[in-house]
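Engineer: Could you look at this predicted model? Sequence included:
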4 protein chains.
Amino acid sequence: MPLPSIVLDPPFNITRISHVALTVADIERSRAFYEEVIGLVPTSITDQCVYYRGVEEACHHSLILRKSSGAPTCQRIGLRTLTEADLDRADSYFREIGCPSAWAEVAHQGRTLQVTDPFGTQLEFCARMPVQPRQITKFHRHKGGCGLRLDHVQLLTPHVSEALEFYMKLGFWLSEYVAADDEHIRAVFLQRKGNPHDLVFFHGDGPRLHHFAFVTPETQHMLRACDIAGELGYGAKVERGPGRHGPGHALYVYFRDPDGHRVELFNTHYQFMDLENEPVRWDPADPTAAYPWGMPARSQWFEQATSFEGQEVRPASPRPSPMTLERFLADGC
Amino acid sequence: MPLPSIVLDPPFNITRISHVALTVADIERSRAFYEEVIGLVPTSITDQCVYYRGVEEACHHSLILRKSSGAPTCQRIGLRTLTEADLDRADSYFREIGCPSAWAEVAHQGRTLQVTDPFGTQLEFCARMPVQPRQITKFHRHKGGCGLRLDHVQLLTPHVSEALEFYMKLGFWLSEYVAADDEHIRAVFLQRKGNPHDLVFFHGDGPRLHHFAFVTPETQHMLRACDIAGELGYGAKVERGPGRHGPGHALYVYFRDPDGHRVELFNTHYQFMDLENEPVRWDPADPTAAYPWGMPARSQWFEQATSFEGQEVRPASPRPSPMTLERFLADGC
Amino acid sequence: MPLPSIVLDPPFNITRISHVALTVADIERSRAFYEEVIGLVPTSITDQCVYYRGVEEACHHSLILRKSSGAPTCQRIGLRTLTEADLDRADSYFREIGCPSAWAEVAHQGRTLQVTDPFGTQLEFCARMPVQPRQITKFHRHKGGCGLRLDHVQLLTPHVSEALEFYMKLGFWLSEYVAADDEHIRAVFLQRKGNPHDLVFFHGDGPRLHHFAFVTPETQHMLRACDIAGELGYGAKVERGPGRHGPGHALYVYFRDPDGHRVELFNTHYQFMDLENEPVRWDPADPTAAYPWGMPARSQWFEQATSFEGQEVRPASPRPSPMTLERFLADGC
Amino acid sequence: MPLPSIVLDPPFNITRISHVALTVADIERSRAFYEEVIGLVPTSITDQCVYYRGVEEACHHSLILRKSSGAPTCQRIGLRTLTEADLDRADSYFREIGCPSAWAEVAHQGRTLQVTDPFGTQLEFCARMPVQPRQITKFHRHKGGCGLRLDHVQLLTPHVSEALEFYMKLGFWLSEYVAADDEHIRAVFLQRKGNPHDLVFFHGDGPRLHHFAFVTPETQHMLRACDIAGELGYGAKVERGPGRHGPGHALYVYFRDPDGHRVELFNTHYQFMDLENEPVRWDPADPTAAYPWGMPARSQWFEQATSFEGQEVRPASPRPSPMTLERFLADGC
């Protein structure tokens, strides 16, 4: 089965990943982490909700934390369409293909269309947000990892190949993928905004949000985020890294927030906007794809993730069996 | 006169700045500079021509240096269209509006349409190039400033407002501009690829190429490029910086290559792809727009630039009178 | 005349540069600069005086700012002796050679001996200060340039050769010097602590304090200090750099504080503690000694400096005639 | 039992750690690692031996690799004395206390005294080496981690308290130590050169060389060393880190060389040369001492080390039981 082709005239125009909405148990506890360690900028704060944007972002928010007494969940993955008309086209499209969709009132966003994709991923689309001043040159307010902008989310699903097909019909381009062969695709990196990814799907029990990722300016900021995490009592939250990715080539570090949501800081992405660029295939049996140096991620990095509110998690088949840190050490590597 | 509106359905789809073609007197002399100081990757080298790409680029080239016994010139500014069909649409469009255009055979590029814009800027459009391996993770080959990719060119023209209108009709978005008021626009930053600029036009004698700019990974690489310039005998070629821009907010350093062409290394650009983002206006009377700290650029930075092969340079009216380093020192600032 | 020889058993044991005491017009105004831009840590603050230490320093202070209604001056350059007994030996020594010296009560310092050297430099020696917690790992409090520790001071004097002889008798080692030949020494870099310098003397009208210098961790911190200077209204205080030194090889940037005192941030010093290491001579006619890349310093960098309280400034002969930025530009370099 | 007191007039003057001499199986294989990954500068190369110095070092060598067909060993830890006379005083001193010592001819070193300390550590002392040009400003030759200078070695011994006493009699200062109380000292950080350490002793089977450490300029160089390790096939040699130390506060990364010798790159040391500075005690039960963030080192980091040629390794009692990565994961931390 060949990889799907790029669709140049998609049914509506998605421009980029926009935001992530999560529930958390304690707004104050989350604030210390996201402001001091990750370095996000709070646009609006109440005792029920905090809206964050990255240091360079002019949008109102790219991360929403809503207080909830239940287990921490992901409520929505937000995507931007170029225009309001694209939202209407999206509404028609999803109705036609039988995806549940509904208009919603969401604070601090333009008209918002909420959709659940066939794999249970809870999306919402909007075309505008209130404009906020970029904080790029507010240097003396920059904190921690200085998270610049939301870049991508990684999702777990038992249906990677189907997700690839679904999202490429929406106009996403495939930049890289992990597959022993084109029949057994383990992961796909999909993009609309011209760099390697907006949405990443990995084979695993899902639908679940594995992580969301903010760009950081320099190597030094990633280490600074770790150091501040250690200083402020979040040292055990540095779950993986700093290290180097195979796919995407970025330098990264992964944190678990106080509710267990996973957030990545990374740098070093490349431009991907020419049709002649073939997707890069990575062999899952090649350890340099997963850890070009050092050791692999611990098993919880592969297994733990955030459920979507109200979506049942379905098991992946075959069971994922990545090289984990535990196996690596037991094998005497 | 209000700023022109964004055109969402342009006559053809330009995706990004693509490449710059320059003439130089001595290929070997240029190579030492571009490879050791700027850190570009040579894709193809003959004694008549060298094709460079940035460290992360998969395209065949983003800089062409062609040997010439004449004065150093800029031959072409290259732009990418998304598809081959866009090239045909571009051809029709330019014929219709009376811009000289012609198909050309250019080595290592797909079908190429050469056009001179109404201001004398010599452009060429293509939709594809042969794919080359990205060098992002060839760490031990990274050199000097580690120029990652071509990001933008800055052009001088006596016709900034007209250029703004012309290029916005082609679908460019205005991210920032320098103007005492909207009648007297001194500079416009225009983009297609979703960050602040692909093409910049400044008021000045033109058409001339003021500089082209490569992104560099980190602060440290900019200083490293300077240090290697000093070590290898190009210390006097560090013309301005390192310093911080007002518009665009980037950290920058400007070099003059051995033929006098100006090349910038910079980092820190932001995403610009939402319709709600208003262009940022900078007041030319505000010194922090030109030099947030330190001193202004010397007069040659404002006055010297590369002519286009065969294009007469027309004087700007009124004469530009920026705050130069010479005036700054004479004023006892 | 050969260079003086190293004295291995000096009359008393100076271990390092210790501190600088300056007068300023407005403590609050100075605090904004030293805390936000340079990133020093205030140990003690009153409305008359503020004591700073560097981020890594365990000593009570390395910079004292005392409020004064007069012209800003340098009151003292502080040096450490290893032991209290060394202070007594110093007292005897200076009495013997006829240097004015006196015991003084100085807050937050151990027993303090104040001495004026034969060139008018006002020194003070102490062997201890109250211990303060190092702030190295208080990452989230690090600000601006993150000044780590006082490294050296540079002094102007018409008597460089005599200062060289005087200080080498005190056990200083010469690491580098600027001289057309050994008869005409323009500058000497003298050290006790095992890196290139504690005290630097340059030919010029003196005695005056040209600058004092704090080490900064990384390239990025130097640029961050400039950016915060620009953001907080001190952009015009970035007097020179960022640039690369010839002697000492450091990357540097010079600021003028709100009273005009000059402070340097730099990195990259080397170890200098083996007797086989010959001093490095720099030719003053070689521009790469003064500016390996870019442009020379403006004339005020050479000419302006801080007088010592109550010391008459004597003119240097011959007049210094360095390559200044003004000459460089006038010469059309 | 109180900590030993500082000895201000030691029997002879050691100035600093000088060099490490190791045996390796294959000179060419070692060169690729030390030159491309660690970034050392070869001063002299034969097929039997290679002498390295750090990028800033003016001494002939700080690392000697000698070809040997046997198991890889450490032959000598080199220390510098200030003068030749100090060597003679050292000779007398060691004879007097009954330590085996002998004069040796060692290529590229001045007169050399070889001594075995009471714990089996094989030392050699010299006062001079041939001077080499520092490579600090040979920027375009800098490679990999750009190892600047040898800073310290860490040794394993069952006799930490005795080593503390022995070396403090030689004039070493204690900067930091790990101890539940002053009776049960697990580690001591000892210095002569004015920063936290030249020699470190940890409780463990010994005498063995745990690692030697080179200073690296910036955070970015540590990651660059890892990336180049990965690129050149040494990815599995990145044994621990990048991470942050408790004691000494440095950012670090540990590599195993092709023979299994362990080398550290680190930055961020502080000045330690005032008598008022008390040694800092770290509680071995406090995990932030060993890993302020992230996870502990794997067991091999604690257990594997390089034996000294011809010295029997004696077991430590009680057995060390650090928190290892294996335990940490098994405990479900």
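Structural biologist: Looks like it came in fine.
Engineer: I'd say A:Ala163 and A:Phe119 touch.
Structural biologist: Yes - assessed by CB atoms under 8 Å, A:Ala163 is found in contact with A:Phe119 at 5.6 Å. Every residue, glycine included, has its C-beta placed from N, CA and C.
Engineer: Counting neighbours, go ahead and name the busier of those two.
Structural biologist: The neighbour comparison of A:Ala163 against A:Phe119 (other CB atoms under 10 Å in any protein chain shown) goes to A:Ala163, with 26 against 20.
Engineer: Quick check: that one is in a helix.
Structural biologist: Yes - checked against DSSP: H, G, I helix; E, B strand; the rest coil, A:Ala163 lies within a helix.
Engineer: So it versus A:Ala187, what's the distance?
Structural biologist: Distance, A:Ala163 to A:Ala187, by CB to CB, to the nearest Å: 10 Å.
Engineer: Mutual contacts of the two, please.
Structural biologist: Counting by CB atoms under 8 Å, 6 or more residues apart in numbering or on different chains, the residues touching both A:Ala163 and A:Ala187 are A:Phe201.
Engineer: Next one: A:Gly248 from chain C, what distance?
Structural biologist: Separation of A:Gly248 from chain C (CB to the nearest CB, to the nearest Å): 23 Å.
Engineer: contacting residues for that residue?
Structural biologist: A:Ser175, A:Glu176, A:Phe189, A:Pro196, A:His197, A:Phe266, A:His269.
Engineer: Can you say which of those residues are buried?
Structural biologist: A:Ser175, A:Glu176, A:Phe189, A:Pro196, A:His197, A:Phe266, A:His269 (16 or more other CB atoms under 10 Å in any protein chain shown).
Engineer: Among those, pick out the one closest to chain D, please.
Structural biologist: Chain D lies nearest to A:Phe266 out of those, by CB to the nearest CB, at 12.4 Å.
Engineer: Assess the claim that the closest one and A:His249 are in contact.
Structural biologist: No - with contact defined as CB under 8 Å, A:Phe266 does not count as touching A:His249 (9.8 Å).
Engineer: And the residue of the stretch 201-333 of chain A at minimum distance from chain B, how close does it get to chain D?
Structural biologist: Using CB to the nearest CB, the closest approach of the stretch 201-333 of chain A to chain B is made by A:Tyr270 at 4.2 Å. Separation of A:Tyr270 from chain D (CB to the nearest CB) stands at 15 Å.
Engineer: Name all residues that make contact with the closest residue to that residue other than its chain neighbours.
Structural biologist: Ranked by CB to CB, 6 or more residues apart in numbering or on different chains and with sequence neighbours excluded, the top spatial neighbour of A:Tyr270 is B:Glu56, at 4.2 Å. Contacts here follow CB under 8 Å, 6+ apart; on that basis B:Glu56 touches A:Tyr270, A:Gln271, B:Arg134, B:Gln135, B:Ile136, B:Leu148, B:Arg149.
Engineer: Now do the same contact list for the fifth one.
Structural biologist: Residues in contact with B:Ile136 (CB under 8 Å, 6+ apart) are A:His249, A:Thr268, A:Tyr270, B:Val55, B:Glu56, B:Leu148.
Engineer: of these, the lowest pLDDT goes to which?
Structural biologist: Least confident entry in those, by pLDDT: A:Thr268, with 75.
Engineer: Around that residue, how many other residues sit close by?
Structural biologist: If we define neighbours as other CB under 10 Å, then A:Thr268 has 20 of them.
Engineer: buried stuff in the helix or strand bottoming out on mean pLDDT in chain A?
Structural biologist: Within chain A, confidence by mean pLDDT, DSSP states H and E is lowest for helix A:287-290 among all helices and strands, at a mean of 86. Across helix A:287-290, burial judged by 16+ other CB under 10 Å covers A:Pro287, A:Thr288, A:Ala289, A:Ala290.
Engineer: Turn the contacts of B:Ile136 into JSON lines, columns for secondary structure.
Structural biologist: JSON lines is the format used below for the contacts of B:Ile136 (three-state DSSP):
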{"residue": "A:His249", "secondary structure": "coil"}
{"residue": "A:Thr268", "secondary structure": "coil"}
{"residue": "A:Tyr270", "secondary structure": "coil"}
{"residue": "B:Val55", "secondary structure": "coil"}
{"residue": "B:Glu56", "secondary structure": "coil"}
{"residue": "B:Leu148", "secondary structure": "coil"}
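Engineer: picking up where we left off before, can you tell me which of the contacts of B:Glu56 has the largest number of neighbours?
Structural biologist: Among the contacts of B:Glu56, B:Leu148 has the most neighbours (other CB under 10 Å), with 27 neighbours.
Engineer: got a list of what that one touches?
Structural biologist: Contact analysis of B:Leu148 by CB under 8 Å, 6+ apart lists A:Tyr270, B:Gly54, B:Val55, B:Glu56, B:Glu57, B:Ile136, B:Phe214, B:Val215, B:Thr216, B:Pro217.
Engineer: What's the local residue count around the residue nearest to A:Gly235 when sequence neighbours are not counted?
Structural biologist: Nearest residue to A:Gly235, sequence neighbours excluded (CB to CB, 6+ apart): D:Trp293, at 3.6 Å. Residues near D:Trp293, counting by other CB under 10 Å, number 23.
Engineer: Helix or strand: which one has D:Trp293?
Structural biologist: In this assignment (DSSP states H and E), D:Trp293 forms part of neither any helix nor any strand.
Engineer: Surely it is in contact with A:Ala225?
Structural biologist: No - using CB under 8 Å, D:Trp293 makes no contact with A:Ala225, being 9.4 Å away.
Engineer: so how far is stretch A:73-85 off the chain centroid?
Structural biologist: In terms of CA atoms, centre = their mean, to the nearest Å, the centre of stretch A:73-85 is found 13 Å from the chain centre.
Engineer: That one and chain B in contact?
Structural biologist: Yes - contact of stretch A:73-85 with chain B (CB under 8 Å from any CB of the partner chain) involves A:Arg80, A:Leu82, A:Thr83.
Engineer: Check which residues of that stretch are buried.
Structural biologist: Using 16+ other CB under 10 Å as the burial criterion, the residues of stretch A:73-85 that qualify are A:Thr73, A:Cys74, A:Gln75, A:Arg76, A:Ile77, A:Gly78, A:Leu79, A:Arg80, A:Thr81, A:Leu82.
Engineer: and the gap between the closest residue to A:Val263 other than its chain neighbours and A:Ala229?
Structural biologist: Closest residue to A:Val263 apart from its sequence neighbours, by CB to CB, 6+ apart: A:Phe255 at 5.3 Å. As judged by CB to CB, A:Phe255 and A:Ala229 stand 7 Å apart.
Engineer: Mutual contacts of the two, please.
Structural biologist: Among the neighbours of A:Phe255, those also in contact with A:Ala229 (CB under 8 Å, 6+ apart) are A:Val37, A:Lys237, A:Val238.
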